[in-house]
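Trainee: How does the following fold in three dimensions:
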Amino acid sequence: MDLPSLIRPWYDVVSDAVPGLQLFDAHTHIGQNDPDGMHATPEEIIETLTRADAVGGFTFPMHEPDGYPPANDMVLEAASHSDGLLVPFCRVNPHDHALAEAERCLAAGARGIKLHPRAEEFTLDHPGVRPLVALAAERQLPVLIHAGRGIPALGEHAVALAGEFPDARLILAHAAICDLAWIWHAAPNHPNLLFDTAWWMPGDLAALLALVPPGQILFASDAPYGTTVMAGALMRVAVQAGLSAEQIRCIASGQSLRLAGGGPLEPAGPAVGARERPPHVLLDRVADFVLLAAILSFRGGDGSEMLALARLACDVPATIDDAPVFAAIIGLLDEYEQAVAAYPDDRRPMTFLILAATVARTPDVPVPARF
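Mentor: Here you go, the predicted model:
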């Protein structure tokens with residue numbers, strides 16, 4: 001399945017409206033031993049970036065239950081042969097000589113540190129975390145922290161560390177969904193507290209883009225769990241939220257390139273705030289059905305009934321203003337079902353459902369001409 005080619009038009013239609021748009025993916029992984037069964041080679045991540053015409057990506061090991069030194073060396077080696085496309089981060093475990101491993105990797109060319117509180121079972125008040133953040137502050141380097149599902153809230157400690165070490169760049173991954181309800185309010189006072197967009201729920205991304213200053217948001221795909229060219233979904237949400245072209249360029253690559261180059265962070269204006277618009281009662285129904293189908297499928301269930309209801313919810317009069325949006329969603333559901341039939345054990349077809357739900361939430365943004 002050539003997924004990048006199938007979803008590339010959704011990125012292109014947004015990039016046409018944002019002159020000079022380019023991508024830097026702030027969250028990609030390499031590895032073969034993750035207990036969840038996902039894996040990616042350096043060549044696969046390079047292809048993911050290349051197919052999206054990305055200018056680079058932060059790259060680090062996947063979960064390695066037996067320890068990280070060999071995996072970190074593999075990432076450093078891959079980056080050294082990537083013509084600058086891969087910007088290597090080391091992954092460390094605070095339970096296992098993390099500071100020494102981070103210092104070793106930084107001396108060998110690593111440009112940041114990855115922490116995963118869920119996989120390594122720690123919280124940010126672990127005594128091994130503060131020395132790592134202090135090291136990052138000393139060298140003005142980013143520390144990317146898993147802040148998605150499967151963990152308790154960690155925002156309070158993240159905010160405290162950002163305040164104590166203003167020269168560190170703390171990146172809360174996955175839109176910081178575990179703390180997003182409140183941490184947006186603290187974000188403007190901590191410009192070194194950043195958020196990546198490696199997440200799939202359009203409502204969470206809409207909240208992040210509306211409530212957090214755009215200079216503190218970094219585009220990320222979570223490859224191989226996602227794919228870089230799915231930036232089209234995020235950029236739709238950004239346009240719908242009312243961000244300017246300059247702010248979208250900052251999110252897409254500008255701030256990440258500054259991080260990669262060791263330069264100072266640059267603000268991109270205040271948060272745009274929640275945009276007042278009446279609910280689109282017909283499209284909201286579609287989004288709800290598609291998201292329910294996606295969640296059922298993620299959990300190994302059968303989402304076919306919800307998808308059938310989503311199709312029925314798209315059966316609107318051809319004369320309504322947003323009829324092309326409904327038609328585009330039907331097209332994406334068709335592509336999803338064709339991909340599942342051809343690749344029944346592949347997770348990638350879920351991309352079409354995520355994109356369909358996002359399109360339903362972004363009716364003011366154009367759809368590709370083929371629909």
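
Trainee: Sketch out the low-pLDDT regions of the stretch 151-300 of the chain for me.
Mentor: The model of the stretch 151-300 of the chain has pLDDT under 70 over residues 275-279.

Trainee: Where do the strands of the stretch 1-150 of the chain begin and end?
Mentor: All strands of the stretch 1-150 of the chain, identified by DSSP state E, counting those that start in this stretch, fall at 24-30, 56-61, 86-88, 90-91, 113-115, 142-145.

Trainee: Which strands or helices does the first one pack on?
Mentor: Applying 3 or more CB pairs under 8 Å, 6 or more residues apart in numbering; DSSP states H and E, one finds that strand 24-30 contacts helix 42-51, strand 56-61, helix 69-80, helix 255-261. Every C-beta, even on glycine, is put in place using the N, C-alpha and C of the backbone.

Trainee: for the ones you listed, which one sits closest to Ala360?
Mentor: helix 42-51 (25.6 Å; CB to CB).

Trainee: in that closest one, what counts as buried?
Mentor: Pro42, Ile45, Ile46, Glu47, Thr48, Leu49, Arg51 (16 or more other CB atoms under 10 Å).

Trainee: for stretch 269-285, same thing?
Mentor: By neighbour count on 16+ other CB under 10 Å, the buried set for stretch 269-285 is Ala271, Val272, His280, Leu282, Leu283, Arg285.

Trainee: if we can go back for a sec, turn the strands of the stretch 1-150 of the chain into TSV, including mean neighbour count, mean pLDDT and distance to Pro363.
Mentor: Converted to TSV, the strands of the stretch 1-150 of the chain look like this (neighbours: other CB atoms under 10 Å; pLDDT from 0 to 100; distance: least, CB to CB, whole Å):
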stretch	mean neighbour count	mean pLDDT	distance to Pro363
strand 24-30	28	98	27
strand 56-61	26	98	31
strand 86-88	25	98	36
strand 90-91	27	98	40
strand 113-115	28	98	37
strand 142-145	26	98	33
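
Trainee: Just give me the neighbour total for Ser80.
Mentor: Residues near Ser80, counting by other CB atoms under 10 Å, number 13.

Trainee: list the contacts for the residue lying closest to it once chain neighbours are set aside?
Mentor: Excluding its sequence neighbours, the residue lying closest to Ser80 (CB to CB, 6 or more residues apart in numbering) is Gly109, at 7.1 Å. Neighbouring residues of Gly109 by CB atoms under 8 Å, 6 or more residues apart in numbering: Leu76, Ala79, Ser80, Pro88.

Trainee: and what of Ile113?
Mentor: Counting by CB under 8 Å, 6+ apart, the residues that Ile113 touches are Phe89, Cys90, Arg91, Val92, Ala102, Leu132, Leu135, Ala136, Leu141, Pro142, Val143, Leu144.

Trainee: Same question for Ser253.
Mentor: Gln22, Leu23, Phe24, Ala54, Val55, Phe219.

Trainee: Report pLDDT for the first one.
Mentor: Listed pLDDT for Gln22 reads 96.

Trainee: isn't it right next to Ala54, touching?
Mentor: Yes: at 7.4 Å, Gln22 and Ala54 qualify as touching, with contact defined as CB atoms under 8 Å.

Trainee: quick one, which of these two is more surrounded?
Mentor: Ala54 (23 against 17).

Trainee: Could I get the contacts of Ile113 in a markdown table, plus columns for distance to His157?
Mentor: Output for the contacts of Ile113, formatted as a markdown table (distance: CB to CB, whole Å):
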| residue | distance to His157 |
| --- | --- |
| Phe89 | 20 |
| Cys90 | 21 |
| Arg91 | 19 |
| Val92 | 17 |
| Ala102 | 18 |
| Leu132 | 13 |
| Leu135 | 17 |
| Ala136 | 15 |
| Leu141 | 19 |
| Pro142 | 17 |
| Val143 | 12 |
| Leu144 | 15 |
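
Trainee: how far away is the residue with the largest distance to the centre of the chain from Pro366?
Mentor: Here the chain reaches farthest from its C-alpha mean at Thr319, the gap being 36.2 Å by CA atoms, centre = their mean. For Thr319, the distance to Pro366 (CB to CB, to the nearest Å) stands at 19 Å.

Trainee: Spatially nearest residue to Cys250 (excluding sequence neighbours)?
Mentor: Nearest to Cys250 is Ala268, by CB to CB, 6+ apart, at 4.2 Å.

Trainee: ok, back up a step: farthest pair in the contacts of Gly109?
Mentor: Ser80 and Pro88 (8.3 Å).

Trainee: Would you list the phi and psi of the residue most central in space within the chain?
Mentor: By CA atoms, centre = their mean, the chain has its centre lying nearest to Ala198, at 1.6 Å. When read as degrees, to the nearest 10, the backbone of Ala198 gives phi -70, psi 70.

Trainee: Please apply the same query to the one 4 residues further on.
Mentor: Pro202 adopts backbone torsions of phi -60, psi -30, taken as degrees, to the nearest 10.

Trainee: contacting residues for it?
Mentor: Contact partners of Pro202, counting by CB under 8 Å, 6+ apart, are Ala233, Val237, Ala287, Ala357, Thr358, Arg361, Thr362.

Trainee: go with 7 Å
Mentor: Applying CB atoms under 7 Å, 6 or more residues apart in numbering, we find Pro202 in contact with Val237, Ala357, Thr358, Arg361.
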